[in-house]
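> pasting a predicted model and its sequence here:
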Amino acid sequence: MSASNPGCQTQLLANVFILVGPGGVQSDLHIVDMECYNTFGNIWGLYLGRQAYLLLTDTEIIHKVFVEDNGKIFASAKTHRSKCPVSESFFQPDNDDWRRIHQILAPAFGPTQLRQKCGSYLQYLLDHEETKMEKGKKSLPTSATLTEDEVVAQAVGFLLRAYQMATHTLEFVAYLLARHPSVQHQLQQEVHTAIKQQGFTYENIAGMEYLDMVVMETLRLFPPVVWLQRTCQKLVEVCDLKISRGIQVTVPVWVMHHSREFWDHPCRFDPLRFTREERDLRDPVCYLPFGLGAFSCIGSEFSVMMVKVALASILTRYRFTWCSQTPMYLDIETLGVTRSKIPITLQIELL
């Protein structure tokens, strides 16, 4: 499979899509993915430079690769390691390091820890730092310890990514609430009633069902990342599909979240998609805001709680409304973290 016109930035070629040209990588990955999905169906190929990618929306194959395999054949996608401390973060290490770091950090994001401030997480990292055997020399990390570089990376990476995700999600949810005042009104009623009865506590925020549905639906429409990736480490056959060594097996999250195969009226903002009954009826593989399987984001609950606390705090005193500068539609950038290309300007009214 080769490109007949290297200068073309978006050339369709059989079931392969050329994503890179002289102008660089396209920033609208979600648009590219939707075009490929609508053209080729639930399996297609893509080249990013010389790297081949296999993109899938077949839920059976996704489950086998991302859940059942558990990282044995399909490993965490490797990225270039730099001297930057964040390169040691659990977002970027090799497969074996990732497993060790994930195992160590998972308890730091339990319900008890979520009730506390970020300082408890930083202390948790320090408590699990390796002991220096001699000054100037580092011992190899064990299954229960982190290196000094890993401690720095976890602290920096966690704070940057968690707050980045929360910031963009809050922008999107504020925009959606301003556009759907009936949803905002119902959410404010829940917030006011709950806080009046029980006060502003972790348990109270966690128990707000409609707040949870609003945030989950916002993350469906605007998932923080639009690609989940695994590296195939050897030739393997999955559901009659042969996958070669070195292929980046990728789930296009935006497609999964906006496909009519999984969602009725997928572009519509409808928090009721996330009632307990609706969740039980739906294949969990089609909703992937924070990944899937062994390599899913362990800090997702913390990020979601940050959004809920901020949103509930705001809605106790204010409401979001449109103004003359509010965009009718959002132009989305999905290369990296999902965000709006243009400022989201809203009017805030005091209740």
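Received it, and whenever you're ready, just let me know what you need.
> residues in contact with the closest residue to Leu176 other than its chain neighbours?
Using Cβ to Cβ, 6 or more residues apart in numbering and skipping the chain neighbours, the partner closest in space to Leu176 is Phe269 (5.1 Å). Where you see a C-beta, it was placed from the backbone N, CA and C, and this is true even at glycine. Applying Cβ atoms under 8 Å, 6 or more residues apart in numbering to Phe269 gives the contacts 176, 179-180, 183, 217-218, 221.
> got TSV for the residues you listed, with pLDDT and secondary structure too?
Below are the contacts of Phe269 laid out as TSV (pLDDT from 0 to 100; DSSP: H, G, I helix; E, B strand; the rest coil):
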residue	pLDDT	secondary structure
Leu176	98	helix
Arg179	96	helix
His180	97	coil
Val183	98	helix
Glu217	98	helix
Thr218	98	helix
Leu221	98	helix
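> identify, from those residues, the entry nearest to His30.
Relative to His30, the closest of the contacts of Phe269 is Leu221; by Cβ to Cβ it sits at 10.9 Å.
> the closest one contacts Tyr175, doesn't it?
No: Leu221 is beyond contact range of Tyr175, at 10.1 Å (criterion: Cβ atoms under 8 Å).
> that older thread, by neighbour count, which of the contacts of Phe269 wins?
When neighbours are counted by other Cβ atoms under 10 Å, Thr218 leads the contacts of Phe269 with 24 neighbours.
> what sits against that residue?
When contacts are counted by Cβ under 8 Å, 6+ apart, Thr218 touches 169, 172-173, 176, 269.
> let's see which of the residues you listed end up in helices.
Counting by DSSP state H, the contacts of Thr218 place 169, 172-173, 176 in helices.
> pLDDT below threshold where in the stretch 151-300 of the chain?
Across the stretch 151-300 of the chain, residues meeting the criterion (pLDDT under 70) sit at 154-159, 294-295, 298.
> can you give me the helices in it?
Taking DSSP state H, counting those that start in this stretch as the criterion, the stretch 151-300 of the chain carries its helices at 181-198, 202-206, 209-221, 253-258, 276-281, 300-315.
> any chance of the contacts of Phe269 in a markdown table, plus distance to Ile344?
Output for those, formatted as a markdown table (distance: Cβ to Cβ, whole Å):
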| residue | distance to Ile344 |
| --- | --- |
| Leu176 | 10 |
| Arg179 | 11 |
| His180 | 15 |
| Val183 | 17 |
| Glu217 | 17 |
| Thr218 | 13 |
| Leu221 | 14 |
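> closest one of those to Gln325?
Among these, and counting by Cβ to Cβ, the member closest to Gln325 is Arg179, at 14.2 Å.
> returning to what we had before: out of the helices of the stretch 151-300 of the chain, which one sits most buried?
helix 253-258 (a mean of 24; mean count of other Cβ atoms under 10 Å).
> return the distance of that helix from the chain's centre.
The gap between where helix 253-258 is centred and where its chain is centred comes out at 12 Å by Cα atoms, centre = their mean, to the nearest Å.
> and it, what does it pack against?
Using 3 or more Cβ pairs under 8 Å, 6 or more residues apart in numbering; DSSP states H and E as the contact test, the elements touching helix 253-258 are helix 29-40, helix 209-221.
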